[in-house]
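Enquirer: Mind looking at a prediction? Sequence and model below.
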Amino acid sequence: MIKNRLHFFLLALMLLLLSACTKVWHTAQYDYTANRLDSTAVYEAQIQDMIQPYKIKLDKEMNEVIATCPEDMSKQGPESMLGNWMSDVLYDKAAELSDVPIDFAMQNTGGIRIPMLRKGDITKGKIFELMPFDNSLVVVHIDKALLMTFMERVARSNGWPVSKGFYMKIKNKKVAEIQINGEELTDRIYNVALPDYIANGGSDCPFLKGCDRTIYPVLLRDMFVERATRDKVITAKKEGRIVN
């Protein structure tokens with residue numbers, strides 16, 4: 001009897017010891033989404049801290065008044081004061097850089113990204129709104145036939161902004177008459193200043209893609225900022241450059 005009790009006691013003790021050595025696994029709660037969002041928020045805050053000094057500097061630069069506009073200048077065609085000012089800036093810069101005489105400069109209406117410059121102070125940031133793209137200056141060297149193809153394309157849009165010295169009459173969205181510096185077109189090479197977007201076939205001008213050209217590494221936007229800063233005023237007038 002005592003032997004049986006002793007055997008039972010030893011068996012119970014062994015079971016107790018084994019149970020004490022057994023590992024017990026518990027399910028831990030981990031919110032992956034919450035931790036990921038917390039990490040993202042911390043990372044974004046660090047980025048904001050890094051860029052804040054540059055943002056302050058950029059805001060100050062963009063808010064600098066560089067010129068005034070005496071009156072509202074719309075881009076509304078077929079000819080507009082805003083379009084005339086911009087295309088004249090292109091012409092003058094091309095004439096300054098080019099080794100050949102520039103016949104005229106042209107800017108597509110769609111490339112002017114705001115409908116008008118309002119009367120009053122003009123900031124550098126407003127010029128960036130006017131021309132936000134990194135378009136550069138190109139002078140294409142084209143013959144009379146290709147020039148006419150180009151002008152027919154422009155006529156279908158009822159005209160684009162064009163520089164001083166140019167005259168075109170449009171009738172029923174077709175070219176009726178063209179004069180450059182008071183002369184009719186002849187069989188020669190014409191040197192036309194354009195944004196690289198147009199010269200590379202943009203605005204439905206694929207016929208210009210393979211033509212002879214001179215590329216100038218200067219951004220149109222920088223040209224406009226430079227002119228506005230120099231003149232302190234942005235102004236132009238309608239001269240009957242394109243009529244329909």
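Expert: Received it, and whenever you're ready, just let me know what you need. A quick note: this is a predicted structure, and the numbers were derived from the prediction, not measured.
Enquirer: Which residue ranges of the protein form strands?
Expert: With DSSP state E as the criterion, the chain has strands at 65-69, 73-74, 104-105, 116-117, 120-123, 136-142, 166-171, 174-180, 190-195, 212-219, 242-243.
Enquirer: closest to residue 98 out of the ones you listed?
Expert: The closest of those to residue 98 is strand 136-142. By C-beta to C-beta, the value is 5.7 Å. Just so you know, the C-beta spots here come from the backbone N, C-alpha and C atoms, and that holds for glycine as well.
Enquirer: now for the closest one, which elements pack on it?
Expert: Packed against strand 136-142 by the contact rule (3 or more C-beta pairs under 8 Å, 6 or more residues apart in numbering; DSSP states H and E) you find helix 81-97, strand 190-195, helix 196-199, strand 212-219, helix 220-231.
Enquirer: One more pass at 6 Å, please.
Expert: Counting contacts by 3 or more C-beta pairs under 6 Å, 6 or more residues apart in numbering; DSSP states H and E, strand 136-142 is packed against strand 190-195, helix 196-199, strand 212-219.
Enquirer: what would the strands of the chain look like in JSON lines with mean neighbour count?
Expert: As requested, the strands of the chain are arranged in JSON lines below (neighbours: other C-beta atoms under 10 Å):
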{"stretch": "strand 65-69", "mean neighbour count": "18"}
{"stretch": "strand 73-74", "mean neighbour count": "19"}
{"stretch": "strand 104-105", "mean neighbour count": "26"}
{"stretch": "strand 116-117", "mean neighbour count": "20"}
{"stretch": "strand 120-123", "mean neighbour count": "16"}
{"stretch": "strand 136-142", "mean neighbour count": "20"}
{"stretch": "strand 166-171", "mean neighbour count": "18"}
{"stretch": "strand 174-180", "mean neighbour count": "15"}
{"stretch": "strand 190-195", "mean neighbour count": "25"}
{"stretch": "strand 212-219", "mean neighbour count": "14"}
{"stretch": "strand 242-243", "mean neighbour count": "20"}
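Enquirer: Of all the ones you listed, which one comes closest to residue 229?
Expert: Of the strands of the chain, the one closest to residue 229 (C-beta to C-beta) turns out to be strand 65-69, at 4.6 Å.
Enquirer: CA-only coordinates of the closest one, as CSV, when you get a sec.
Expert: Included here for strand 65-69 are C-alpha records, laid out as CSV according to Å, rounded to 0.1, in the frame of the first residue of the first chain:
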residue,chain,number,x,y,z
VAL,A,65,8.0,91.9,-58.0
ILE,A,66,10.1,92.2,-61.1
ALA,A,67,7.9,94.4,-63.3
THR,A,68,4.5,96.1,-63.6
CYS,A,69,1.8,95.7,-66.2
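Enquirer: Just checking the distance from it to the centre of its chain.
Expert: Relative to the centre of its chain, strand 65-69 is centred 21 Å away, using C-alpha atoms, centre = their mean, to the nearest Å.
Enquirer: what sits against the closest residue to residue 78 other than its chain neighbours?
Expert: The shortest distance from residue 78 to any residue that is not its chain neighbour, by C-beta to C-beta, 6 or more residues apart in numbering, is 3.3 Å, and that residue is residue 159. Contacts here follow C-beta atoms under 6 Å, 6 or more residues apart in numbering; on that basis residue 159 touches 77, 78, 242.
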